[in-house]
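Engineer: How does the following fold in three dimensions:
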Amino acid sequence: MGAVAHLSLRDIRENDLAARLAENAGDDCPRTWDGWQCWPDTPAGAVARRPCPDYIYYFTRPPTCPRQAYKQCSRAGTWYVGPGGSEWSNYSTCSTLAVLQTRVKVHLAAHVVSVAALIPAIVIFFLYKQLRVPRVVLHRNLFLSLLLNSSVVVAFLAVVMLRDDRHARIQSNSLGCIGLLLLTKFCRLTSYMWMFCEAFYLHKLVASAFAEQRSLFVYYAIGWGFPINPIILYASFRASHANDQCWVVPADPYEWILNTPCLIALLLNLVFMINILRVLVTKLRAANTHEPSQYRKSVRAALVLIPLFGLHFLVTLYRPAGVACHATELYHHLNSCVDGLQGFFVSLAFCYFNGEETSSPREFASMLNASRASTRVSGDSDRIAKERDDHTPQPTP
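Structural biologist: Prediction:
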């Protein structure tokens with residue numbers, strides 16, 4: 001009975017299609033179903049366009065900017081037939097690949113700029129002994145964590161995300177791919193922890209009347225040791241409950257294992273920043289300093305501390321919803337730049353534009369030039385003395 005009803009329904013559909021074909025012969029391409037969606041009657045020689053349905057993206061997120069598929073109606077009133085001999089609809093315009101690749105390339109370029117800026121800065125920190133004070137040692141470790149983070153991100157994007165065989169690599173779920181992803185997450189956690197150490201140290205320095213702390217063991221434990229624990233916990237849950245696709249696709253419940261320490265560090269850094277500014281303003285008022293230049297210096301100091309404490313991440317912490325699609329793309333590019341260029345900005349603020357750090361290479365160059373000049377003067381003196389001796393008449397015996 002079901003088979004008879006099914007055949008009857010098929011016959012009805014075929015008869016209806018034949019009737020519409022006869023009615024629209026030579027004028028329009030008849031409405032049709034291509035397996036994804038319905039296409040309306042379309043005039044001969046025109047192009048039909050339909051919004052890309054969300055379900056064609058399967059488990060990936062649909063694009064923020066609406067896209068359209070299209071279907072060509074020939075002048076004869078028939079739909080375009082593909083190489084396979086059947087009607088063909090073009091859904092290639094629905095792909096988000098080009099947009100995603102642009103995001104990845106912007107992110108990659110930002111991290112490359114940071115790597116190029118961080119390497120000379122770290123060399124300067126290691127090269128000069130006068131810079132080996134606790135404050136600069138903290139800067140050096142933060143720079144190292146940022147360099148490792150940017151380098152590993154560049155490697156992951158280049159080796160996995162920008163390769164032509166990226167889908168095969170991700171689906172293979174190999175240990176090498178998973179290990180590289182975990183390394184990116186570990187380095188990112190270390191950078192957040194060292195940002196926290198910078199804020200905590202400066203806050204403690206200001207609160208204790210600028211008395212430097214000699215032992216940095218606690219800071220090393222927080223910066224390099226603590227991130228191991230969330231990484232081990234995260235890897236255990238992912239391996240047990242979401243062990244697929246090289247762990248590239250976030251598993252929302254477990255991502256909070258890594259996100260929570262970062263958010264706590266940012267919030268604490270914000271509290272430290274506010275209290276540091278409060279102490280500075282209090283000291284200025286206590287000194288009866290009413291000069292605007294002093295307050296301007298305080299504001300500049302606060303602005304310099306923003307990338308050091310990671311507070312610039314608060315700008316893109318919330319992703320706006322319900323805005324224009326192009327604004328959403330702008331947000332993604334801004335987020336990539338804010339994340340990737342942190343190493344570049346802290347290098348400028350705390351190395352290249354910092355008088356103490358830049359004076360060391362200048363002093364070394366001055367000493368080197370002075371040494372060369374003294375060597376030349378000494379050589380010239382010896383040569384002149386020798387010539388004088390040669391021209392001095394010797395006494396006769």
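
Engineer: Quickly list the domain ranges of this structure.
Structural biologist: What automatic domain parsing lists as the domains of the chain is 27-94, 97-362.

Engineer: okay, and for the stretch 251-397 of the chain, where does confidence drop off?
Structural biologist: Filtered on pLDDT under 70, the stretch 251-397 of the chain yields the residue ranges 287-295, 297-298, 321-323, 355-397.

Engineer: now do 80
Structural biologist: 281, 283-302, 317-326, 354-397 (pLDDT under 80).

Engineer: Could you pull out the helices in it for me?
Structural biologist: 252-286, 292-309, 325-340, 342-347, 355-391 (DSSP state H, counting those that start in this stretch).

Engineer: Just list what the first one packs against, helices and strands only.
Structural biologist: It stands for helix 252-286. Counting contacts by 3 or more C-beta pairs under 8 Å, 6 or more residues apart in numbering; DSSP states H and E, helix 252-286 is packed against helix 175-207, helix 228-241, helix 292-309. Every residue, glycine included, has its C-beta placed from N, CA and C.

Engineer: Report the distance from it to the chain centre.
Structural biologist: Its chain's average C-alpha position is 21 Å from that of helix 252-286, according to C-alpha atoms, centre = their mean, to the nearest Å.

Engineer: for that helix, which positions count as buried?
Structural biologist: Neighbour counts over helix 252-286 (16 or more other C-beta atoms under 10 Å) mark 254, 257-258, 261-262, 265-266, 268-269, 272-273, 276-277, 280, 284 as buried.

Engineer: Give me the residue ranges of the stretch 51-200 of the chain where confidence is low.
Structural biologist: In the stretch 51-200 of the chain (pLDDT under 80), the answer is 58-62, 64, 84-85, 128-132.

Engineer: hmm, back to that, so of the helices and strands packed on helix 252-286, which one's packed in deepest?
Structural biologist: helix 175-207 (a mean of 20; mean count of other C-beta atoms under 10 Å).

Engineer: Straight-line length of stretch 36-45, end to end?
Structural biologist: Using C-alpha to C-alpha, to the nearest Å, one end of stretch 36-45 lies 23 Å from the other.

Engineer: now that stretch: mean pLDDT?
Structural biologist: The average pLDDT for stretch 36-45 rounds to 90.

Engineer: try stretch 219-231
Structural biologist: On average, stretch 219-231 scores 96.

Engineer: what's it in contact with?
Structural biologist: 138, 141-142, 145, 182, 185-186, 189-190, 193-194, 196-197, 200-201, 257-258, 261 (C-beta atoms under 8 Å, 6 or more residues apart in numbering).

Engineer: First-to-last residue distance for it?
Structural biologist: Span of stretch 219-231 from end to end, C-alpha to C-alpha: 19 Å.

Engineer: same thing with stretch 234-254?
Structural biologist: 6 Å.

Engineer: Now do that stretch: everything it contacts.
Structural biologist: Stretch 234-254 has contacts (C-beta under 8 Å, 6+ apart) with 59, 160, 169-174, 177-178, 181-182, 185, 257-258.

Engineer: let's see it at 7 Å
Structural biologist: 169-171, 173, 177-178, 181-182, 257-258 (C-beta atoms under 7 Å, 6 or more residues apart in numbering).

Engineer: burial measure for Q68, as a count.
Structural biologist: 13 (other C-beta atoms under 10 Å).

Engineer: Provide a list of residues in contact with it.
Structural biologist: Counting by C-beta under 7 Å, 6+ apart, Q68 touches 49-52, 93.

Engineer: Can you tell me which of these has the most neighbours?
Structural biologist: C52 (20 neighbours).

Engineer: re earlier: return the member of the buried residues of helix 252-286 nearest to L131.
Structural biologist: Taking C-beta to C-beta as the measure, L131 lies nearest I276 of these, at 22.7 Å.

Engineer: any idea how far the closest one lies from W194?
Structural biologist: 18 Å (C-beta to C-beta, to the nearest Å).

Engineer: Repeat that for I222.
Structural biologist: 8 Å.
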